[in-house]
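J.: Sequence plus predicted model, see below.
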Amino acid sequence: MWDVKFNSRCRHVASGSKDGRLLVWDIRNGTKITDKVAHEGPIHQISYNAAGTHLITSSEDSMAKVWNAEVGEWHQNLGKEGDSGHHAEFNYLGDRILTVSNDNRARIWE
């Protein structure tokens, strides 16, 4: 595993791995919500929105992806512009995402 995060309500935990696999668990009952290859490269970071309902993964494959954390379904890709997916974070309100890349670019997504 390369990153692991609790959601804000401490109901779920998500992990990202070197093989691009995303796992999300319901820690109240130990149920696996999702286990899928989410990226073509290692997942470097996972970030939940403040409500804990969505998460974003960022990967070496230059992609950031938004997921419905409660059911483990893909929601949206955030472009493949250079290295846009090396770091991604929700703002506090959860209505914007900041991505940062190794080529010194930052981008805000709405």
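T.: Everything's here; your move.

J.: Next, count neighbours for the nearest residue to Asn77 once chain neighbours are set aside.
T.: Nearest residue to Asn77, sequence neighbours excluded (C-beta to C-beta, 6 or more residues apart in numbering): Lys65, at 5.5 Å. For the C-beta atoms, the positions are set from N, CA and C on the backbone; glycine is no exception. Using other C-beta atoms under 10 Å, Lys65 has 21 neighbouring residues.

J.: what's the following helix or strand after the helix or strand harbouring Lys65?
T.: Here Lys65 is covered by strand 64-68, with elements defined by DSSP states H and E. Moving toward the C-terminus from strand 64-68, the next helix or strand (DSSP H and E) is strand 73-77.

J.: and that next one, how far out from the chain's middle?
T.: Relative to its chain's centre, strand 73-77 lies at 10 Å (C-alpha atoms, centre = their mean, to the nearest Å).

J.: Can you name the next helix or strand after that strand?
T.: Trace forward from strand 73-77 with DSSP H and E and the next one is strand 87-90.

J.: Name every strand pairing with the helix or strand following that following strand and say which way it goes.
T.: Next along the chain after strand 87-90, taking DSSP H and E as the criterion, comes strand 97-100. If you go by DSSP bridges, strand 97-100 pairs up with strand 87-90 (antiparallel), strand 106-109 (antiparallel).

J.: any chance of those in JSON lines, plus mean pLDDT and mean neighbour count?
T.: Putting those into JSON lines (pLDDT from 0 to 100; neighbours: other C-beta atoms under 10 Å) gives the following:
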{"stretch": "strand 87-90", "mean pLDDT": "89", "mean neighbour count": "20"}
{"stretch": "strand 106-109", "mean pLDDT": "88", "mean neighbour count": "13"}
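
J.: rewinding a little: is it correct that the residue nearest to Asn77 is in contact with Ala38?
T.: Yes - using C-beta atoms under 8 Å, Lys65 is in contact with Ala38, at 6.3 Å.

J.: where do the contact lists of these two overlap?
T.: The contact sets of Lys65 and Ala38 overlap at Thr57, Ser59, Trp74 (C-beta atoms under 8 Å, 6 or more residues apart in numbering).
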